[in-house]
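**Q** How does the following fold in three dimensions:
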Amino acid sequence: MLRTGAGISVHVFGRAIPGGRIDVEYSTDGRDEVAANAGDYIYPADVRFDRFRGRLYVKAAGVTAAFSKPQTWLFEYDIAGRRLIQRVRVDPKVLPSECPIVH
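**A** This next block holds a predicted model:
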């Protein structure tokens, strides 16, 4: 569960599996929205949250069946606006280290 600086509460969930994506469920109405979906074989690998801006950032990486080269994508999702702001392909060498997995 995350809470933005504006007081919006969301449950963030997802899986690093084929077709994996990151979803958010809003506590106000129970609706699910897709925050990041990179497609088959590009798995969510890191999720970060900017509480004050109300933005969710997702890194997804992998190799698609159609292309044999690795791909890394970054997603920026606006929680209050319930919309994807941007999705860009990036060179993973310019990114910081991934956050450790917490169970």
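**Q** got a pLDDT number for the residue of the chain most remote from its centre?
**A** Distance from the C-alpha centroid of the chain peaks at residue 68, with 23.1 Å (C-alpha atoms, centre = their mean). pLDDT, residue 68: 75.
**Q** what about it, which SS state?
**A** The three-state label given to residue 68 by DSSP: H, G, I helix; E, B strand; the rest coil is coil.
**Q** what's the answer for residue 93, then?
**A** On the basis of three-state DSSP, residue 93 is classed as helix.
**Q** which residues touch residue 73?
**A** 38, 42, 59-61, 87-90 (C-beta atoms under 8 Å, 6 or more residues apart in numbering). The way it works is simple: take the backbone N, C-alpha and C, and place the C-beta from them, glycine included.
**Q** hey, where'd the strands end up in the protein?
**A** Ranges of strands within the chain are 2-3, 9-14, 22-26, 32-36, 42-50, 55-62, 71-78, 83-89, based on DSSP state E.
**Q** Which residues in the second one does the neighbour count mark as buried?
**A** Applying a neighbour-count criterion of 16 or more other C-beta atoms under 10 Å, the buried positions in strand 9-14 are 10, 12, 14.
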